[in-house]
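Asker: coords please:
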Amino acid sequence: MPNSMMDEHKEQWPGIGYTFCIAEDGKTFWCNDLETASYHVSGHNEHTLGICLLGCFVDGAEPTGAQIAATNRLLADLRKLIPFENLVGHQDLVATVCPGDTWPSWKVLLDGQSGEEVEHLRQRIEVLETEVDRIEGMVETEMGRVDRLIGAGIARLDGFLNDLWTIAGGG
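Answerer: Next up is the predicted model:
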């Protein structure tokens with residue numbers, strides 16, 4: 001799968017820009033030796049490894065559960081070989097959208113957690129989003145009720161003031 005990416009990258013660089021690529025089904029491709037400085041983020045290639053999750057993660061799109069699980073397995077294996085503390089996205093180092101505008105929401109899932117834990121977190125997020133929607137609906141309903149009460153109060157006040165005008169004006 002990374003072959004087409006390699007052909008594209010070879011037009012600009014010596015080879016594919018990543019050490020690993022992870023497909024949507026979780027299949028992990030080892031593209032460069034760990035010692036090879038690949039061209040994945042300008043100014044940081046010598047001291048970072050490039051891991052590419054194949055896909056376009058914008059407009060709400062996120063990596064698949066299989067990609068997250070495979071990435072976590074890869075990170076756990078890499079930590080045994082190369083101790084590292086910081087996991088960063090391309091956009092954390094240079095001005096770019098890469099790895100996508102949804103990066104902050106799925107970055108937290110990349111911390112050595114198993115696929116089951118990731119799926120549990122996704123389900124929990126879904127439950128919380130549903131609860132937020134329910135509460136927002138309740139607030140809208142109550143706001144409509146408040147608007148109606150205010151409208152009724154204004155109508156009564158308007159009627160009261162018209163009666164006062166009639167009395168005061170000698171109408």
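
Asker: shaky segments in the chain?
Answerer: Applying pLDDT under 70 to the chain flags residues 1-15, 34-48, 90-94, 111-119, 160-171.

Asker: quick check: longest helix of it.
Answerer: In the chain, with assignment by DSSP state H, the single longest helix is helix 115-169.

Asker: Which other helices and strands does it contact?
Answerer: The helices and strands touching helix 115-169, judged by 3 or more Cβ pairs under 8 Å, 6 or more residues apart in numbering; DSSP states H and E, are helix 65-81. For every residue, glycine as well, the C-beta is placed using N, CA and C.

Asker: Same question for the helix it packs on: list its buried residues.
Answerer: For helix 65-81, burial by neighbour count (16 or more other Cβ atoms under 10 Å) applies to 66-75, 78.

Asker: domains of this structure?
Answerer: If you go by automatic domain parsing, the domain ranges for the chain are 1-113, 115-171.

Asker: Start and end of stretch 18-25, how far apart?
Answerer: Counting by Cα to Cα, to the nearest Å, you get 18 Å between the two ends of stretch 18-25.

Asker: what residues are up against the nearest residue to D59 once chain neighbours are set aside?
Answerer: Distances taken as Cβ to Cβ, 6 or more residues apart in numbering place D101 nearest to D59, at 7.3 Å, with adjacent residues excluded. Shown in contact with D101 (Cβ atoms under 8 Å, 6 or more residues apart in numbering): 57-59.

Asker: Doesn't G17 belong to a helix?
Answerer: No - using DSSP: H, G, I helix; E, B strand; the rest coil, the assignment for G17 is coil, not a helix.

Asker: L49 contacts C21, doesn't it?
Answerer: No - under the criterion of Cβ atoms under 8 Å, L49 makes no contact with C21, lying 11.9 Å away.

Asker: So the two - more neighbours on which side?
Answerer: C21 (21 against 18; other Cβ atoms under 10 Å).

Asker: Pull up the gap between F84 and T102, please.
Answerer: 23 Å (Cβ to Cβ, to the nearest Å).

Asker: Take the contacts of D101 and keep only those in strands.
Answerer: Among the contacts of D101, none falls in strands (DSSP state E).

Asker: Would you reformat the residues you listed as JSON lines and include neighbour count?
Answerer: Shown next, in JSON lines, are the contacts of D101 (neighbours: other Cβ atoms under 10 Å):
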{"residue": "F57", "neighbour count": "20"}
{"residue": "V58", "neighbour count": "14"}
{"residue": "D59", "neighbour count": "8"}
